[in-house]
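Chemist: sequence unknown, structure follows:
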Ligand code: ATP
Ligand code: MG
């Protein structure tokens, strides 16, 4: 990454510390973990990952890497109804593409909570035996009514004082499939009067006759998230368990379960430490799996990888680079304060990453023919331009100049407004990397539409030759010669929503959809872009950054997506 450039613009330098690193530094100083740092990224395979997850991925893998540790990829798969292999595979792809891996010293740290079902069950029996869990047979309505409120303590279940033997018997029969869903649950015996609802005897096992994508029909009791997560962390020897702020109130339960099992001799101390950070909220985007699913299911977008989607597959197809996403995550930093990050910060990271990398090319998105009347028919000559203006070592690209050229329609005006320096009758402009031309007029069709513009060129004005400096013109425009223009479909994407907070205040986020978020044009690009491989990126001068679509683009027949314009056009 280029660190010289734009450091002043950064909200956070790459090596900046954050409160999580401070905790790890303190732990290393005190020797708590004997310098070991082991984190995990624990997605539930029930949807595609989005840009919010990228923050968690960059943080978890980034921290582990920084301290020479390892980050596990763990599928938190305890909801049989919603999970699938398709989602598992998409998550593996997304994390890999972002540039992270879960291997260290030839060991693979890929885990599934569902692999712990036996252990989780065994520990649940242990809690029962120690008087720390009981089978509750209240109806769901009774359980809800007895939970109490923010101001009132809950009421103990009439089943709370069942004997260990009765609890064990019932729990084993739950597992054996003897009861209907909802007939019984296993609850931790903590404190129905706790001010924290999560501590009011939380449910830790429930009956579900559901097929699990990995364990099939082996189980009909499934552990709850809060019970599973902390145990999975401890089984995997996680040191720092980083999660988003909504789990802050769950931390006492996390600690309770692990402490009980440590007291029972299952785990040794120190126990993994849960640390919360604020989730990423990005303006003009949505980071709720449920709402993203709705966008896909109701065909508001063309699938999970639609380039307007804030999913990882979506931003990848849009043309964002893993480096830009990592840079973005570094810049936004990690805090405990919930806030909104402006989309322009995300787009800015992309521009900063691609400015240096992307080769330049010309594209004409709204073509109008320019005829050079004094250039001989059937003749052409080569012009050249640098691949990158700041990197002469990357060489030049070549293209032709001839009698018929494509220019942007907006680069000609019959009656120019004040301050317009491009083509109008009588005006001279430079065709970038070509010649100076003087406009002589335009042709129109029967409806009065301009169909071609005419000009004459100055043979001694070619860019890069001595004569060119004799010409002082105020305007420069791009061109692509008709004889070497490559037709290309270009998809002009813009933000999916036109409101900063599409789902603020519980309103219908569909109403905030931007009707102009996708426009497809038939354009021309210069020969250098003709054989673009899928995911090759360019800066089309004046227009922005573009990528050869990874699904539809073929070398020789490119299809481009606009990733982002050269400047933020949404700023206030
Ligand atoms: P669900 O409602 O299905 O639980 P989720 O977005 O929390 O949705 P998970 O698969 O549980 O999905 O998320 C995996 C990890 O990513 C969790 O540790 C979660 O805290 C983190 N994460 C999810 N959304 C964000 C976000 N917007 N910003 C930062 N981290 C996030
Ligand atoms: Mg979650």
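Modeler: It's in. This structure is a prediction, so every number in the text was calculated from the model and none was measured. Ligands and ions are numbered 1, 2, ... in the order given.
Chemist: can you map out the helices along the stretch 51-200 of the chain?
Modeler: Using DSSP state H, counting those that start in this stretch, the helices found in the stretch 51-200 of the chain span residues 51-66, 85-97, 117-129, 140-145, 164-175.
Chemist: Ok, the stretch 351-500 of the chain next?
Modeler: Counting by DSSP H, counting those that start in this stretch, the stretch 351-500 of the chain contains no helices.
Chemist: Ramachandran coordinates for the residue nearest to residue 93 when sequence neighbours are not counted?
Modeler: What sits nearest to residue 93 in space, not counting adjacent residues and going by CB to CB, 6 or more residues apart in numbering, is residue 313, at 7.6 Å. Bear in mind the C-beta positions are built from the backbone N, C-alpha and C, glycine included. Backbone dihedrals for residue 313, given as degrees, to the nearest 10, come out at phi -60, psi -30.
Chemist: Show me what counts as buried in stretch 202-218.
Modeler: Neighbour counts over stretch 202-218 (16 or more other CB atoms under 10 Å) mark 202-208, 212-215 as buried.
Chemist: Please apply the same query to stretch 286-298.
Modeler: By neighbour count, with 16+ other CB under 10 Å as the criterion, the buried positions of stretch 286-298 are 286-287, 289, 292, 295-296.
Chemist: before we move on, the earlier item: reformat the helices of the stretch 51-200 of the chain as CSV; add distance to residue 156, mean neighbour count and mean pLDDT.
Modeler: Below are the helices of the stretch 51-200 of the chain laid out as CSV (distance: least, CB to CB, whole Å; neighbours: other CB atoms under 10 Å; pLDDT from 0 to 100):
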stretch, distance to residue 156, mean neighbour count, mean pLDDT
helix 51-66, 38, 22, 97
helix 85-97, 40, 17, 97
helix 117-129, 17, 18, 98
helix 140-145, 12, 12, 96
helix 164-175, 15, 17, 98
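Chemist: quick one: contacts for the nearest residue to residue 337 once chain neighbours are set aside?
Modeler: Nearest non-adjacent residue to residue 337, counting by CB to CB, 6+ apart: residue 278, 5.7 Å away. Applying CB atoms under 8 Å, 6 or more residues apart in numbering, we find residue 278 in contact with 244-245, 334-339.
Chemist: Quick check: chain neighbours aside, which residue is closest to the residue of the chain found nearest ligand 1?
Modeler: Nearest residue of the chain to ligand 1 (CB to the nearest ligand atom) works out as residue 52 at 2.2 Å. Nearest residue to residue 52, sequence neighbours excluded (CB to CB, 6+ apart): residue 287, at 3.9 Å.
Chemist: OK, contacts around that neighbour?
Modeler: Applying CB under 8 Å, 6+ apart, the residues near residue 287 are 50-52, 279-281, 310.
Chemist: re earlier: shouldn't the residue nearest to residue 93 be in contact with residue 94?
Modeler: Yes - judged on CB atoms under 8 Å, residue 313 makes contact with residue 94 at a distance of 6.7 Å.
Chemist: what is in contact with those two at once?
Modeler: Here residue 313 and residue 94 share the contacting residues residue 48, scored by CB under 8 Å, 6+ apart.
Chemist: Report how many residues lie close to the residue nearest to residue 318 when sequence neighbours are not counted.
Modeler: Closest residue in space to residue 318, ignoring its immediate chain neighbours: residue 307 at 3.8 Å, by CB to CB, 6+ apart. Other residues within reach of residue 307, judged by other CB atoms under 10 Å, total 26.
Chemist: tell me the contacts of residue 307?
Modeler: Residue 307 sits next to 314-315, 317-319, 491, 493, 549, 561 when contact means CB under 8 Å, 6+ apart.
Chemist: can you narrow those residues to ones near ligand 1?
Modeler: On the criterion CB under 6 Å from any ligand atom, none of the entries of those sits beside ligand 1.
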